[in-house]
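[1] just a sequence and a predicted model for now, questions to come.
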Amino acid sequence: MNNLLKEQIFKFVSVPLIISIDEVGRGCVAGAVVSCVSLWIDTTYFKLPCEKKYKKLWLELINDSKKLTEKKRQECFDIILQDYKITLQDIICAEKDNIKSFNMLTDSKNKLHFKAEEFSSRNILNSKNNLECLQFVIGQACPAEIDSINIWNAVQLSVARALIELQKHVKINFPFLEDQLSNAIILMDGKHFLKVPTEFSQNLQVTVTKADGLFTSVGFSSIIAKVFRDTQMIQQDKKFPIFGFAKHKGYGTASHLSLIQSHGVCEIHRKSFLTNHLNLTP
């Protein structure tokens, strides 16, 4: 590893304020794409109010949500909600009106990408016990938006909505961080950089391949987003029982596609994802 890369990684893992992001539902043929944005602080730099200190019994359960069984994900999710003294209904969901159009987003001015192998050990970001998640927020883009602007743009839109909602709640609940939010690093899995709201365009955006398995903070967001979306699809199953959403969560399984061929699509199907399979027009 060259000295410049070492310096970049050292600066990255030493920052006291991080916004960690993950999304789920990108490959589904039905349902929204859902993102979770979580705000993490280093308490050696920022003193937490006593009532905001958490047991973090979920810490050892955190992993890339795709590698956990559904039962383990739900267990971890439930322990997180207990620690934060909230219920599923209390999770903050960004309003669609926060960002109405993908065209309102802009490129980040500062970007950095790392490969997974450039980090020597898992959870490098959360190797210190003084990192705390203060707030997490859900953002979404609906099937109609996915059909209209494509899935990657819809992912970015869902994240942008969550970022704006996070900013609102930091201002209300953590005013001592309001002026510091522009210094937070935005951390996300993958190698593609997000377009963001103008308010976050100066933040350093860091993408890391396999970040959801490397960083506890991204794994945390991954689990929140995954279980939240799965719960949504279970609820949709009650409205559209013929499609079996509770079982496959909107993914294009053989049985799901067969049901669509027999019964057509419902309002939460992504028609643009089904054109090649079923000769549907988006």
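    Looks like it came in fine. Only a predicted model underlies this, so the values are computations on that prediction, with no experimental measurement involved. Numbers count the residues shown, from 1 in each chain.

[2] in stretch 177-195, what's buried?
    If you call a residue buried by 16 or more other CB atoms under 10 Å, then stretch 177-195 has these buried ones: 177, 181, 184, 185, 186, 187, 188, 189, 190, 193, 194, 195. All C-beta atoms are positioned from the backbone trio N, CA, C, and that covers glycine.

[3] do you know how far the second one is from residue 203?
    As defined by CB to CB, to the nearest Å, residue 181 lies at a distance of 8 Å from residue 203.

[4] on that earlier part again, looking at the buried residues of stretch 177-195, point me to the pair that's furthest apart.
    Across those, no pair lies farther apart than 177 and 190, at 26.4 Å, counting by CB to CB.

[5] where does pLDDT dip in the stretch 151-282 of the chain?
    Along the stretch 151-282 of the chain, the parts satisfying pLDDT under 70 run over 277-282.

[6] contacts only, for residue 236.
    30, 31, 245, 250, 268 (CB atoms under 8 Å, 6 or more residues apart in numbering).

[7] touching, the first one and residue 243? I think so.
    Yes. Residue 30 is in contact with residue 243 according to CB atoms under 8 Å; the separation is 7.3 Å.

[8] could you give the average pLDDT over stretch 58-67?
    For stretch 58-67, mean pLDDT is 79.

[9] kindly check the end-to-end length of that stretch for me.
    Using CA to CA, to the nearest Å, the end-to-end distance of stretch 58-67 comes to 16 Å.

[10] repeat for stretch 60-70
    Across stretch 60-70, first to last residue, CA to CA, it's 16 Å.

[11] next: stretch 136-149.
    26 Å.

[12] now that stretch: average pLDDT?
    pLDDT averaged over stretch 136-149 gives 97.

[13] do stretch 29-45 as well
    Mean predicted lDDT for stretch 29-45 stands at 93.

[14] what sits against residue 94?
    137, 138, 139, 140, 161, 162, 164, 165.

[15] per-residue pLDDT, it?
    So residue 94 comes in at 95 (pLDDT).

[16] quick one: it from residue 166, how far?
    Using CB to CB, we find residue 94 at a distance of 8 Å from residue 166.

[17] could you do residue 260 as well?
    Applying CB to CB to residue 260 and residue 166 gives a distance of 36 Å.

[18] quick one on the thing from earlier: which one of the buried residues of stretch 177-195 is nearest to residue 217?
    residue 187 (6.8 Å).

[19] and the helix or strand harbouring that closest one, which strands flank it?
    Assessed by DSSP states H and E, residue 187 sits inside strand 185-189. Next to strand 185-189 in the sheet, as set by DSSP bridges, lie strand 17-24 (parallel), strand 204-208 (parallel).

[20] sorry, back to before: what's the ChimeraX line that selects buried ones from the contacts of residue 94?
    A single ChimeraX command selects the buried members of the contacts of residue 94 (16+ other CB under 10 Å):
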select :137,138,139,140,161,162,164,165
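
[21] name the nearest of the buried residues of stretch 177-195 relative to residue 223.
    residue 189 (12.9 Å).

[22] picking that back up, neighbour-wise, which of residue 260 and residue 166 wins?
    Each of residue 260 and residue 166 has its neighbours counted (other CB atoms under 10 Å); residue 166 has more, 24 against 21.
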